[in-house]
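>>> For reference, the sequence and a predicted model appear below.
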Amino acid sequence: ETGVTQTPRHLVMGMTNKKSLKCEQHLGHNAMYWYKQSAKKPLELMFVYSLEERVENNSVPSRFSPECPNSSHLFLHLHTLQPEDSALYLCASSQGFGTLGTEAFFGQGTRLTVV
Amino acid sequence: SQQGEEDPQALSIQEGENATMNCSYKTSINNLQWYRQNSGRGLVHLILIRSNEREKHSGRLRVTLDTSKKSSSLLITASRAADTASYFCATRVTDKLIFGTGTRLQVFP
């Protein structure tokens, strides 16, 4: 257990569905991240939230919509996805920024399949 | 944008041998971190080295950092079959933590 919990672990959805991924951290961290990991591709940083404010959006398509209601919870809302969005979605949290930034703790990921 | 690249992409060794992985990055960093990932699971942090440090040890792990060359290396000594996994470097730049392409390590018994 890393202190970061992601649900669900597996998700199969059609291209017209709307679903949400949930991430919860019990570590008191002030930064949370969404990453996408596709087969044979590097981890892609999608979104960064620091102190519940979004500070990074790496040109992610609008069909992915993040939400950070408080410092412990992070959501990724999905709608009208494409098959190429099938991937492992990883949530992580860390404490501090810049030179004080610590290591990240990762959840186990949600394996998403878009059919 | 991709920050780090790792070399080699894949490495196969026998138990007891040492494994060395290299990471290169492009911009100035606050710190550099190494992670391990077993197949299809979350990443686990191994070690963090700050930009003003040159070498760090943790158990069988040794990490070096050369900020002038923008590179780092991870050495795993006396490898075990259980070390089989993918290893990633990650660079912290302000609020972002950006990962490299990873090295797939296989250790044969």
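Great, that's in hand. Numbers count the residues shown, from 1 in each chain, chains lettered A, B, ... in the order given.
>>> would A:E84 count as being in a strand?
No. Under DSSP: H, G, I helix; E, B strand; the rest coil, A:E84 sits outside any strand and is assigned helix.
>>> ok, it - contacts?
By C-beta atoms under 8 Å, 6 or more residues apart in numbering or on different chains, the residues touching A:E84 are A:V114. All C-beta spots, glycine's among them, are computed from the backbone N, C-alpha and C.
>>> Can you read off the pLDDT for it?
Here the pLDDT value assigned to A:E84 is 93.
>>> cool, the one 5 residues further on as well?
Among the per-residue scores, A:Y89 shows a pLDDT of 97.
>>> Output the lowest mean pLDDT helix or strand found in chain B.
For chain B, counting by mean pLDDT, DSSP states H and E, strand B:4-7 ranks last in confidence among helices and strands (a mean of 82).
>>> where does chain A have low pLDDT?
For chain A, the stretches flagged by pLDDT under 70 are A:98-100.
>>> Go again with 80.
For chain A, the stretches with pLDDT under 80 are A:1-2, A:40, A:56-58, A:96-101.
>>> ok, which residues in it are in contact with chain B?
Neighbours of chain B within chain A, by C-beta under 8 Å from any C-beta of the partner chain: A:2, A:4, A:31, A:33, A:35, A:42-43, A:45, A:48, A:50, A:55-56, A:58, A:88, A:90, A:92, A:94, A:97-99, A:101-109, A:111.
>>> same thing but at 7 Å, please
Proximity of chain A to chain B, by C-beta under 7 Å from any C-beta of the partner chain, involves residues A:2, A:31, A:33, A:42-43, A:45, A:48, A:50, A:55-56, A:88, A:90, A:94, A:97-99, A:101, A:103-104, A:106-109.
>>> Filter those residues down to the buried ones.
A:2, A:31, A:33, A:42-43, A:45, A:48, A:50, A:56, A:88, A:90, A:94, A:97, A:101, A:103-104, A:106-109 (16 or more other C-beta atoms under 10 Å in any protein chain shown).
>>> Could you tell me which residues make contact with A:A87?
The contact partners of A:A87, taken as C-beta atoms under 7 Å, 6 or more residues apart in numbering or on different chains, are A:36-38, A:112.
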